[in-house]
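**Q** model this:
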Amino acid sequence: MSYVNATNDTDPIATRNDPARTNHMTHMTYSEALNSALRAEMRRDERIVLLGEDIGVYGGVFSVTRGLLEEFGPHRVRDTPISENGIVGAAVGMAMSGLRPVVEIMYTDFMTLALDSIANGAAAFPFAYGDQVRMPVLIRTQGGAGISAGPQHSKSLEAWTAHLPGIHTVLPSNAADAKGLLTAAVRADDPVVMVEHKLLYSTGCAVPAGEHVVPLGTAAVVRPGRDVTVLALSRMVGEALSAADQLAEQGIDVEVVDIRSLRPLDVATLTRSARKTGRVVVATDSWVRYGPSAEVAAAVTEAAFAELRAPVVRLGSLGVPYPSSPRLESAVLLDSAAVVRSVETLVKE
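**A** Residues are numbered from 1 along each chain as shown. Just a heads-up that it's a prediction; the model follows:
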């Protein structure tokens, strides 16, 4: 087993503008891409079993598992009781016994209830047992605010699992990466947490029609630029691209990098962009203090300090519980306007 390190110095995958990746494409929404990947992998490997609340008859709260119960039956698509720690604990036992469970935790907020099985089971057992067991567990969960779901259904807690050695943590920002990262995660022998943003399920793009694998631990340059780098995660990739379009009208050329993976963190790709532009903004949905933006900013500063023209700027949600009121929630969340303001300030320094 390869225990997941904080950095990844392998070459990044090609950017999404690579013509080789545009062949045999079909338009899919984010949720359709996830469903497609799960269906294909379950057909490929009969050891894959799905566990979660309302994933069977109902098809999942965001329709990601729709139709899978009908095709694969109740032995492989199991509706569970409302017991997150029990669900993940069962998956850990299944993985140790040779199965490849895929768990859905309905909302990242409820990952707090499963942290015992995640931190003291999935992350620790391969090490504790001297690498005599494998832990091919994929935990899918829905994170992020924006649908006015209130303080108990809106958090971005990816920093919690990314902090744990032994667990991959990935956040796809678009349908193509959702399919590719899920495929890689299902095939991994290490535990993987995949955080899917609620606001992305209905968004769509061109997705490879056949097998599509995005290696875990790789970032991607989604828009080349020369003046400022925006390192963005999950939903904020779209906001960063929108900001880049607005800033281009002012003659400011912004490079946008999709972080995609928090553990392993592709420091090589992030640093390469930072050295190129000399100015960096890190944009994530989560709270700024002690969050992913802090780790990314520190890693880039350590690796590219001499080339930076200004301190790295961190952007995220305000440090308060997420409100249920749409008006208050919008005031708490990060958006493209905040990215524009930060980049404008950076280029003036």
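**Q** quickly list the domain ranges of the chain.
**A** For the chain, automatic domain parsing gives the domain ranges 23-208, 220-348.
**Q** identify whichever of the ones you listed lies nearest to V214.
**A** Of all the domains of the chain, it is domain 23-208 that lies closest to V214, at 3.1 Å by Cβ to Cβ. No exception for glycine: its C-beta is placed from N, CA and C like everyone else's.
**Q** what mean pLDDT does the strand or helix carrying A243 have?
**A** Assigning secondary structure by DSSP states H and E places A243 in helix 235-248. Averaging pLDDT along helix 235-248 gives 98.
**Q** now do stretch 195-215
**A** Mean predicted confidence for stretch 195-215 is 96.
**Q** buried stuff in that stretch?
**A** 195-201, 203-208, 212-215 (16 or more other Cβ atoms under 10 Å).
**Q** try stretch 233-249
**A** Neighbour-count burial for stretch 233-249 [16+ other Cβ under 10 Å]: 233-244, 246-247.
**Q** CSV for these, including distance to G86?
**A** What follows is the buried residues of stretch 233-249, written out as CSV (distance: Cβ to Cβ, whole Å):
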residue, distance to G86
L233, 30
S234, 28
R235, 30
M236, 33
V237, 34
G238, 36
E239, 37
A240, 38
L241, 40
S242, 41
A243, 43
A244, 44
Q246, 47
L247, 48
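**Q** quick one: the helix or strand containing V281 to helix 235-248, angle?
**A** Element membership of V281 [criterion: DSSP H and E] is strand 280-287. Here the directions of strand 280-287 and helix 235-248 differ by 140 degrees (axes from the mean of the first three to the mean of the last three Cα atoms, to 10 degrees).
**Q** what packs against whichever helix or strand comes after strand 280-287?
**A** Downstream of strand 280-287, the next assigned helix or strand under DSSP H and E is helix 292-304. Applying 3 or more Cβ pairs under 8 Å, 6 or more residues apart in numbering; DSSP states H and E, one finds that helix 292-304 contacts helix 158-162, helix 267-277, strand 280-287, strand 313-317.
**Q** now, of those, which is deepest in the fold?
**A** strand 280-287 (a mean of 28; mean count of other Cβ atoms under 10 Å).
**Q** run through the neighbouring helices and strands of the helix holding A243.
**A** Secondary-structure packing of helix 235-248 (3+ Cβ pairs under 8 Å, 6+ apart): strand 220-223, strand 228-232, strand 254-258, strand 280-287, helix 336-348.
**Q** not counting sequence-adjacent ones, nearest residue to the residue most central in space within the chain?
**A** When Cα atoms, centre = their mean is applied to the chain, the residue found nearest the centroid is L171 (0.6 Å). Spatial nearest neighbour of L171, chain neighbours left out: S234 (4.2 Å); criterion: Cβ to Cβ, 6 or more residues apart in numbering.
**Q** quick check, that neighbour in contact with L200.
**A** Yes - if you go by Cβ atoms under 8 Å, S234 and L200 touch, sitting 7.4 Å apart.
**Q** overlap in contacts, the two.
**A** Shared contacts of S234 and L200 (Cβ atoms under 8 Å, 6 or more residues apart in numbering): P172, S173.
**Q** so, low pLDDT: which residues of the protein?
**A** Where the chain drops to pLDDT under 70, the residues are 1-23.
**Q** run the last query once more with 80
**A** By pLDDT under 80, the low-scoring segments of the chain are 1-23, 349.
**Q** who's the nearest residue to H75 once chain neighbours are set aside bridged to?
**A** Excluding the flanking residues, the one nearest H75 by Cβ to Cβ, 6+ apart is V49, at 7.7 Å. Using DSSP bridges, the beta-bridge partners of V49 come out as P101.
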